[in-house]
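Asker: fold the following.
(2 chains)
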Amino acid sequence: KAGVTQTPRYLIKTRGQQVTLSCSPISGHRSVSWYQQTPGQGLQFLFEYFSETQRNKGNFPGRFSGRQFSNSRSEMNVSTLELGDSALYLCASSLGDSQGQPQHFGDGTRLSIL
Amino acid sequence: QKEVEQDPGPLSVPEGAIVSLNCTYSNSAFQYFMWYRQYSRKGPELLMYTYSSGNKEDGRFTAQVDKSSKYISLFIRDSQPSDSATYLCAMSARGQNFVFGPGTRLSVLP
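Answerer: Presented below is the predicted three-dimensional model:
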């Protein structure tokens, strides 16, 4: 069974630009969560999507947004990039039909802002 | 005080040792607990998942949850150099997102 796939693996952008990251969950998983990982703050929750609806949201500014498609694939968008957005962005999927289910991660997209 | 605390390490042990990794937390509503292993340049890999209190064993790994003390542990028996990684604990309450500890760096020396 294929795991969680994130594309691209690496991205370099400049301040003020916007970026879109993609995540394909494990087949059959309907929940997709996004996290930001930095050395100083660790893993921080961005948002969770289930059946194309945002089910949970973390404490990030509105520049961070996401969506989920009918095939459960998800995208995350960051607008007006800032230097502090440099991080590893991780996507995790779970079955999602009941809460607290284990999450499985992709290898992330490493975003560098110049 | 952070919701989930974890000693960042690094923790260095000789090959074959028993490793004990721990997390403490403050939210008594947490009832779902997970342990992940993360290698450099890779995403976290799920090792153990536990609901509520008790012990769970899987091969060389044992997870323990003590909700009365708000304390969870991961034990690794017969540790191997390939176990060298960062170990993350994660936990959540019903209907809430998972909260992660900062991770403990483990180095198993041959």
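Asker: okay, CA-based contacts and neighbour counts for the rest of this
Answerer: Fine.
Asker: dump the residue contacts of residue 24.
Answerer: All of this is about chain A. A:4, A:5, A:6, A:72, A:73, A:74 (CA atoms under 8 Å, 6 or more residues apart in numbering or on different chains).
Asker: not quite, I wanted chain B
Answerer: So residue B:24 contacts B:4, B:5, B:6, B:70, B:71, B:72 (CA under 8 Å, 6+ apart).
Asker: just checking, the last one is part of a strand?
Answerer: Yes. With the criterion set as DSSP: H, G, I helix; E, B strand; the rest coil, the secondary structure at residue B:72 is a strand.
Asker: close to chain A: what parts of chain B are there?
Answerer: B:32, B:34, B:41-46, B:49, B:92-103 (CA under 8 Å from any CA of the partner chain).
Asker: in strands, which of those appear?
Answerer: B:32, B:34, B:45, B:46, B:49, B:92, B:99, B:100 (DSSP state E).
Asker: returning to what we had before: so which of the contacts of residue B:24 is the most crowded?
Answerer: residue B:72 (24 neighbours; other CA atoms under 10 Å in any protein chain shown).
Asker: my read: it touches residue B:30, true?
Answerer: No. If you go by CA atoms under 8 Å, residue B:72 and residue B:30 don't touch, sitting 11.2 Å apart.
Asker: and residue B:59, how many neighbours?
Answerer: Neighbours around residue B:59, by other CA under 10 Å: 7.
Asker: please read the previous query as pertaining to residue A:108.
Answerer: The burial count for residue A:108: 30, using other CA under 10 Å.
Asker: so the residue lying closest to it once chain neighbours are set aside bridges to which residues?
Answerer: Spatial nearest neighbour of residue A:108, excluding adjacent residues (CA to CA, 6 or more residues apart in numbering or on different chains): residue A:90 at 4.4 Å. Legend: beta-bridge partners of residue A:90 under DSSP bridges are residue A:35.
Asker: show me the contacts of residue A:24 that map onto strands.
Answerer: Per DSSP E, the contacts of residue A:24 map to strands at A:5, A:6, A:74.
Asker: most neighbours of all these, which one?
Answerer: residue A:74 (25 neighbours).
Asker: and stretch A:16-24, how far out from the chain's middle?
Answerer: 9 Å (CA atoms, centre = their mean, to the nearest Å).
Asker: if we go by neighbour counts, what in it is buried?
Answerer: For stretch A:16-24, burial by neighbour count (16 or more other CA atoms under 10 Å in any protein chain shown) applies to A:19, A:21, A:22, A:23, A:24.
Asker: contact partners for the residue of chain B found nearest chain A?
Answerer: Nearest residue of chain B to chain A: residue B:43, at 3.9 Å (CA to the nearest CA). By CA under 8 Å, 6+ apart, the contact list for residue B:43 reads A:90, A:105, A:106, A:107, A:108.
Asker: so residue B:82, which state does it fall into?
Answerer: At residue B:82 the chain is in helix, as set by three-state DSSP.
Asker: in JSON lines: the ones in strands among the residues of chain B next to chain A, plus neighbour count, pLDDT and distance to residue A:47.
Answerer: Below are these laid out as JSON lines (neighbours: other CA atoms under 10 Å in any protein chain shown; pLDDT from 0 to 100; distance: CA to CA, whole Å):
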{"residue": "B:32", "neighbour count": "21", "pLDDT": "94", "distance to residue A:47": "18"}
{"residue": "B:34", "neighbour count": "24", "pLDDT": "96", "distance to residue A:47": "19"}
{"residue": "B:45", "neighbour count": "18", "pLDDT": "97", "distance to residue A:47": "20"}
{"residue": "B:46", "neighbour count": "18", "pLDDT": "96", "distance to residue A:47": "20"}
{"residue": "B:49", "neighbour count": "19", "pLDDT": "94", "distance to residue A:47": "21"}
{"residue": "B:92", "neighbour count": "21", "pLDDT": "93", "distance to residue A:47": "14"}
{"residue": "B:99", "neighbour count": "19", "pLDDT": "94", "distance to residue A:47": "12"}
{"residue": "B:100", "neighbour count": "24", "pLDDT": "95", "distance to residue A:47": "14"}
